[in-house]
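>>> Here is my input, please return the structure:
(one chain, ligands or ions: 1)
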Amino acid sequence: MAANSAALAASIAFPRVPDVEAFDTRALQQLDAAHYLHPFTDHAALKDKGARVIVRGQGVYLWDSEGHQIIDGMSGLWCVNAGYGRTAISQAVYRQMETLPFYNSFFNTTNVPAVRLAAELVELAPPQFSHVFFTGSGSEANDTVVRMVRRYWDLMGKPGRSVIISRRNAYHGSTMAGASLGGMAGMHAQGGLPIPDIVHIGQPNYAEHGHGMSENEFGLVAAGWLEEQILASGPERVAAFIGEPVQGAGGVIIPPHTYWPEVQRICDKYDILLVADEVICGFGRLGTWFGSELMGMRPDLISFAKGVTSGYVPLGGVLVGKRVAHALVEKGGDFNHGFTYSGHPVACAAALENLRILREERLVEKVALETGPHLKAAFAELAAHPLVGHAETCGMVAGLNLVRRKGTGPHDCEHFARELQVGMLCRGHMFDNGVIMRAVGDRMIVAPPLVMTKLQIDEMAERIWDCLDLTLADVYQRGWI
Ligand code: PXG
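Okay, the predicted model is just below:
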């Protein structure tokens, strides 16, 4: 650290109980700009503006270092399902740290929280699942998927089956395999990705590709792209298909009802493994424990992370179905893969407590029966705003599209030019007015904590409406409408 940075660091007070007065926001921002490389960030732009410093969370609210209260429409980053400030989780973590802060699961050892969590996850998962492989994140979970799928086919005597099919605009993480599975062109352009034998098909985005079809017709067409790719790659070379039940970071793309059952039929027809990336959809987000259950999928593997601990401590993993587990366990030999922190006892203790909360407070059922339908109604009202073309929700995820002129449905709206970045303008207003909403192009999305009450959903929707008004005023003023 440079001498002046060290002095600056020493001058910053970090109070135990956050007290707005005690934070020197400017000093923190300067240190941040000087030393902290953030994920997916244009640092030149950030340096000019200064990062917002988040200091506290309680329930569905956050506070920044200047004392602003913010309603967190994004659950941190799609993960704080149980909400902030759960003393039961921090106490479970503390107890585990006092008892056994770490031990590895290599070399024929194990630990109590990891064993208990593996058993509990298998209990929660659909019936075809029997085992869990733990990782530290969703990206590591998807790297594990790639290695495990290929290992499976080796064990089955078909090493030629190495191709994994994914989708454009999917997000599966930032490691080499995670980013390769993902379908983000901007990520592939940096670092020579994708790695070999990963190919991408179109996403089931009705608004973008479904013109002239009913949603259900389009679902079958989009699933058909999988069969076309299997035939193009050669069915004897295809190992697996991976997809998020509902695409999250790609913009909350909710597939038509017909899509996943048809994908399942095609995977079965060609004997291809189906992998559900449930890093976002798992642990109640869609009103079921796993999104696959809602979507009519019967996956062989499920990757998970985020909501398993509500983000309190990093943890991810792969739920392994009996078909693959049988090969790994019974056909013998090492699977040469694993992480220091696989089955970290502290992370597993946090997960056990988090799952207890989700169960005891019936949060998954609440999403299905109460809060999810309420969010749907709130977004249906937001769709009446002059700037909103259409809005969709599924459980506790929602998206709405900002458009230049409304139409009768998603296919006859008039869009803003991409370079105007109306979504980013809108996101700025949200952030400045106490609500966190993500922008993916001109699609604005939320994924609130599952504990958000109906009243808080109304409060969030009111703030969103006001910020849509502010965005509309800007857009008029700039002559974009
Ligand atoms: N799969 C999915 C479906 C994800 O959403 C990952 C894998 C990777 O997980 P880790 O724990 O390695 O980050 C994710 C992560 C965004 C955003 O902009 C979304 C994620 C991460 C960062 C940003 O919406 N999702």
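>>> tell me the contacts of residue 150?
159, 161, 162, 239 (CB atoms under 8 Å, 6 or more residues apart in numbering). For the C-beta atoms, the positions are set from N, CA and C on the backbone; glycine is no exception.
>>> And residue 95, by the same measure?
residue 349.
>>> That one - that's part of a helix, no?
Yes. Per DSSP: H, G, I helix; E, B strand; the rest coil, residue 95 lies within a helix segment.
>>> count of residues packed around residue 330?
8 (other CB atoms under 10 Å).
>>> for residue 303, that is, sorry about that
31.
>>> Now name the helix or strand holding it.
Using DSSP states H and E, residue 303 maps to strand 301-304.
>>> C-alpha coordinates for whichever helix or strand comes after that strand, PDB please?
Note on strand 301-304: by DSSP H and E, the next helix or strand toward the C-terminus is strand 316-321. Output of strand 316-321 as PDB, limited to C-alpha atoms (Å, rounded to 0.1, in the frame of the first residue of the first chain):
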ATOM      1  CA  GLY A 316     -21.900 -23.700  -3.800                       C
ATOM      2  CA  GLY A 317     -22.100 -27.300  -5.000                       C
ATOM      3  CA  VAL A 318     -23.500 -29.800  -7.400                       C
ATOM      4  CA  LEU A 319     -26.400 -32.100  -6.600                       C
ATOM      5  CA  VAL A 320     -25.700 -35.400  -8.300                       C
ATOM      6  CA  GLY A 321     -28.500 -37.600  -9.500                       C
END
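>>> Identify the residues contacting strand 316-321?
Outside strand 316-321, the residues touching it (CB under 8 Å, 6+ apart) are 121-122, 125, 128-141, 144-145, 148, 279, 299-306, 308, 328.
>>> Give me the buried positions along the next helix or strand after that strand.
Counting by DSSP H and E, the next helix or strand C-terminal to strand 316-321 is helix 322-330. Of the residues in helix 322-330, 324, 325, 327, 328 count as buried by neighbour count, 16 or more other CB atoms under 10 Å.
>>> Torsion angles phi and psi at residue 478?
Phi and psi for residue 478, reported as degrees, to the nearest 10, are phi -90, psi 0.
>>> That one: neighbour count?
The burial count for residue 478: 11, using other CB under 10 Å.
>>> Do you know the pLDDT at it?
On pLDDT, residue 478 comes in at 96.
>>> Residue 408 too?
Looking at residue 408, its pLDDT is 89.
>>> That one: which element?
Here residue 408 is assigned to no helix or strand, by DSSP H and E.
>>> For the stretch 101-250 of the chain, which segments count as helices?
Here the stretch 101-250 of the chain has its helices, by DSSP state H, counting those that start in this stretch, at 112-124, 138-155, 176-181, 185-188, 206-209, 215-233.
>>> And the contacts of the longest one?
Contacts of helix 215-233 with the rest of the structure, by CB under 8 Å, 6+ apart, involve 163, 165, 199, 201-204, 206, 209-210, 213, 238, 241, 255-260, 262-263, 266-267, 269-270, 272.
>>> Report pLDDT for residue 15.
Taking residue 15 on its own, its pLDDT is 50.
>>> again but with residue 413, I slipped
pLDDT at residue 413 comes out at 95.
>>> which bits of the stretch 101-250 of the chain sit near the ligand?
Neighbours of the ligand within the stretch 101-250 of the chain, by CB under 6 Å from any ligand atom: 137, 138, 139, 142, 171, 172, 173, 244, 248, 249.
>>> Relative to the ligand, which of those residues is nearest.
The nearest member of these to the ligand, counting by CB to the nearest ligand atom, is residue 138 at 2.3 Å.
>>> Against the ligand, how distant is residue 287?
Plainly put, residue 287 is 17 Å away from the ligand if you go by CB to the nearest ligand atom, to the nearest Å.
>>> Now do the contacts for that residue.
Residue 287 neighbours (CB under 8 Å, 6+ apart): 294, 364, 365, 367, 368, 369, 372, 395, 396.
>>> Nearest residue to it in space, please, no chain neighbours.
residue 368 (3.4 Å; CB to CB, 6 or more residues apart in numbering).
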